[in-house]
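Chemist: let's see this in three dimensions:
(one chain, ligands or ions: 2)
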Amino acid sequence: MSVYFLGGGNMTSAIVAGMSNHGGYDVVVIDRNQEKREHLSRCYQVRSSDKLPELTATDVLVLAVKPQDMQQATTGIKTNGALVLSIAAGLTVDILRQFLNNHQRIIRIMPNTPCQIGLGISGLFAPANIEAADKAVAENIMRTTGDVVWLEKESGINRIAGISGSGPAYVFYFLNALQQAAIQQGFSTDEAHQLSLGTFKGAVSLAEQSGTEFVQLQKNVTSKGGTTFAATSVFDQQQLTQVVIDGVAASVARAEEMQKQLAP
Ligand SMILES: NC(=O)C1=CN([C@@H]2O[C@H](COP(=O)(O)OP(=O)(O)OC[C@H]3O[C@@H](n4cnc5c(N)ncnc54)[C@H](OP(=O)(O)O)[C@@H]3O)[C@@H](O)[C@H]2O)C=CC1
Ligand SMILES: O=C(O)[C@@H]1CCC=N1
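Modeler: Numbers count the residues shown, from 1 in each chain. Ligands and ions are numbered 1, 2, ... in the order given. Purely as a prediction, here's the structure:
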C-alpha cells in the first residue's frame, strides 16, 4: 500500500518516523521544499517528490499541510477514489470535501509530535459513510506511532486538539519554566535542563507505573507545612489549574474559529 503525505513538515516527520519503525508501508512525502524532502528521505528511507503522482483507489493520501495552505495545496488533485486522511486542525470533512471535488472517503486524525518516538496519541474521526476496512487502515497506520482514540463526533477532533494535539507544547512550556526557575536558583543551564527533565521523567513514570491518581501522588510529595506546600500554595493563589483550563478552552475555540474562517 502506498501512503502519500502532502506536506513534509513537523507532523509528517513524526508520523513517518513511527511508520518507518514498523515497515510494510511504501511512504512517499510530497513537499515543495527540497531540504525537507532530502531530510525525510535520508532519515526514514522514504521516497519524496515535489509533485503528487496520479493516485489510485488503493492509495492513501495524508493531508498534512497547514490548514491555511490546504485549499491551495489540494487544488487540482484528482483523488481517484483513494482513502484520504487529514491531520489538519480546523478543517471539517465537509470543508475537505469541497476542496476535493466532493470526494467522500475522508477520515480525520488529530495526532501529536510524540508519534516521532512511538509514544503519540491520536484522535480519529470517521463519518458515517466510511467502511470498517478504511477505519482499520487509518488505525493501523496511526498505531505504528502510538495509541489511538476513536471519536464519535467530529467536534471531538477540536476538543482533543486542545488536549493531546497541542498538549506536548504545554508540557514543554512547563519544562522550560522549571528550567528557568532552576537557573534563577543558581544552577547552570545544563544542570537546570537535567533537573527539570529528570523530574518530569521520574514523575510521569511513577504516575504510569503506580496507577495512583495524580492528586494522591501530589499529596505524597507534600509534607504538612513543608517546601512543596509552599510552592503549590503559590500555584493555587495564581489559579494555575484555571489557567490551564482556560488555555485548553482557547485552543478548542481557535479550532472552531478556524473552521469558520477556512470554509470556502
Ligand atoms: N505540529 C503538530 O504538533 C501538529 C500538527 N497538526 C496538523 O498537521 C498539519 C501540518 O502541521 P506541521 O507539520 O506542524 O506544519 P509544517 O509547516 O511543519 O509542515 C507543512 C509542510 O507542508 C509544506 N507545504 C505547504 N503547502 C504545500 C504545497 N502546496 N505543496 C507541497 N508542500 C506544501 C510546507 O512548506 P513551507 O515550509 O514552504 O510552507 C511545510 O514543509 C497542520 O494542518 C496541523 O494542523 C496536527 C496535530 C499536531
Ligand atoms: O497548533 C496547531 O494548530 C496544531 C494543531 C494541534 C497541534 N498543533
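Chemist: show me which residues of this protein sit near ligand 2.
Modeler: For the chain, the contact set with ligand 2 under C-beta under 6 Å from any ligand atom comprises Ala89, Ala161, Gly165, Ser166. C-beta coordinates here come from the backbone N, C-alpha and C atoms, glycine included.
Chemist: just those residues now: which is nearest Gly120?
Modeler: Closest approach to Gly120 among the residues of the chain next to ligand 2 (C-beta to C-beta): Gly165, at 10.2 Å.
Chemist: which SS state does the residue in the chain sticking out farthest from the centre fall under?
Modeler: Here the centre of the chain is the reference, and by C-alpha atoms, centre = their mean the most remote residue is Gly225, at 40.1 Å. Under DSSP: H, G, I helix; E, B strand; the rest coil, Gly225 falls in the coil class.
Chemist: distance check, it against Leu85.
Modeler: 54 Å (C-beta to C-beta, to the nearest Å).
Chemist: pLDDT weak spots in the chain?
Modeler: For the chain, no stretch has pLDDT under 70.
Chemist: how about the residues of it that lie near ligand 1?
Modeler: 7-12, 30-33, 36, 64-67, 69, 72-73, 87-89, 110-113, 165.
Chemist: one more time with 8 Å
Modeler: When proximity is defined as C-beta under 8 Å from any ligand atom, the chain approaches ligand 1 at 6-14, 30-33, 36, 50, 63-67, 69-70, 72-73, 86-91, 110-113, 161, 165-166, 168-169.
Chemist: ok so Val27 is a helix residue?
Modeler: No: counting by three-state DSSP, Val27 falls outside a helix, being strand.
Chemist: that one contacts Asn21, correct?
Modeler: No: counting by C-beta atoms under 8 Å, Asn21 is not a contact partner of Val27; they are 11.8 Å apart.
Chemist: the residue in the chain that ligand 2 sits nearest to - nearest residue in space that isn't next to it in sequence?
Modeler: Closest contact between the chain and ligand 2, by C-beta to the nearest ligand atom, is at Gly165 (3.4 Å). Spatial nearest neighbour of Gly165, excluding adjacent residues (C-beta to C-beta, 6 or more residues apart in numbering): Met110 at 4.7 Å.
Chemist: which strand residues bridge the one you found?
Modeler: Note on Met110: beta-bridge partners by DSSP bridges are Gly123.
Chemist: is there a quick ChimeraX command that grabs whichever of the residues of the chain next to ligand 1 are buried?
Modeler: To isolate the buried members of the residues of the chain next to ligand 1 in ChimeraX, using 16 or more other C-beta atoms under 10 Å:
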select :6,7,8,9,11,12,13,14,30,31,36,63,64,65,67,70,73,86,87,88,89,90,91,110,111,112,113,161,165,166,168
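Chemist: is it possible to export the residues of the chain next to ligand 2 to CSV including secondary structure?
Modeler: Listed next are these as CSV, based on three-state DSSP:
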residue, secondary structure
Ala89, coil
Ala161, helix
Gly165, helix
Ser166, coil
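Chemist: in three-state terms, label Ser48 for me.
Modeler: strand.
Chemist: let me know the helix or strand that the residue nearest to it when sequence neighbours are not counted is in.
Modeler: The shortest distance from Ser48 to any non-neighbouring residue, by C-beta to C-beta, 6+ apart, is to Arg37 (3.8 Å). Using DSSP states H and E, Arg37 falls within helix 34-44.
Chemist: for the protein, which segments count as strands?
Modeler: Ranges of strands within the chain are 2-6, 26-30, 47-49, 60-63, 83-86, 106-110, 120-125, 146-150, based on DSSP state E.
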